[in-house]
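Enquirer: Okay, sequence plus prediction incoming.
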Amino acid sequence: MLNQLSPLDVAFQALADPTRRAMVERLSRGPASVSELARPFAMSLPAVMQHLALLEGSGLVVSEKIGRVRTCRIEPRALSLAEDWINARRTAWERRLDRLGDYLEELKNNGDDNASGT
C-alpha cells in the first residue's frame, strides 16, 4: 500500500504517530544510535525497529550500520517536502484571510458612510 502513495503521503503517514514524531524530533538535534532512540520509550527493541523501518521507508530517516551500532539521522529533503506543502497551505490561507479582512473593512466603511448620511 505504501508504494501506491505519494512521497508526501508517506511522510505524513510516518509523522502521524507520536513515537515516530518524537524520534524525528530527537534526530533533528543530531544523529543517534537505535539504542539512544529507544531509551525514552517503554517498548521492545523490535517495536522501535519497526518504527524506524517506517521512517526509513518514508525517506525521513536514513541509517547506517558500523560494526554493531546502527546510527540514524534525519534526511532533510524529505522534511522539506512536507514543509513546502504546509507553507503553501499557510500562504493560501493568509491570502484568503487578508481578503476577508479587506472585505470586512469595506463593509464597515460602507456602514459608517450610510450611518452618517453621505
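Expert: Perfect, I can see it now. It should be emphasised that the depicted structure is a prediction, and the values quoted were computed from it without experimental measurement.

Enquirer: what ranges of this structure fall below the confidence cut-off?
Expert: Filtered on pLDDT under 70, the chain yields the residue ranges 1-3, 115-118.

Enquirer: now what about the one helix or strand Ala14 maps to, what contacts it?
Expert: In the assignment (DSSP states H and E), Ala14 maps to helix 7-15. The contact list for helix 7-15 (Cβ atoms under 8 Å, 6 or more residues apart in numbering) reads 2, 5, 20-21, 24, 54-55, 57-60, 78-79, 81-82, 85. The C-beta positions use only the backbone N, C-alpha and C, and glycine is treated the same way.

Enquirer: Mind checking which of these are buried?
Expert: Buried members of the contacts of helix 7-15, scored by 16 or more other Cβ atoms under 10 Å, are Arg20, Val24, Leu54, Leu55, Ser58, Gly59, Leu60, Ala78, Leu79, Leu81, Ala82.

Enquirer: got a markdown table for these, with distance to Glu105 and secondary structure too?
Expert: Output for the buried ones among the contacts of helix 7-15, formatted as a markdown table (distance: Cβ to Cβ, whole Å; DSSP: H, G, I helix; E, B strand; the rest coil):
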| residue | distance to Glu105 | secondary structure |
| --- | --- | --- |
| Arg20 | 44 | helix |
| Val24 | 42 | helix |
| Leu54 | 48 | helix |
| Leu55 | 46 | helix |
| Ser58 | 44 | helix |
| Gly59 | 45 | coil |
| Leu60 | 43 | coil |
| Ala78 | 41 | helix |
| Leu79 | 38 | helix |
| Leu81 | 37 | helix |
| Ala82 | 35 | helix |
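
Enquirer: Show me what counts as buried in stretch 13-29.
Expert: By neighbour count on 16+ other Cβ under 10 Å, the buried set for stretch 13-29 is Gln13, Ala14, Leu15, Thr19, Arg20, Met23, Val24, Arg26, Leu27.

Enquirer: I should have written stretch 63-73 there, sorry.
Expert: Residues of stretch 63-73 classed as buried: Ser63, Cys72 (neighbour count, 16+ other Cβ under 10 Å).
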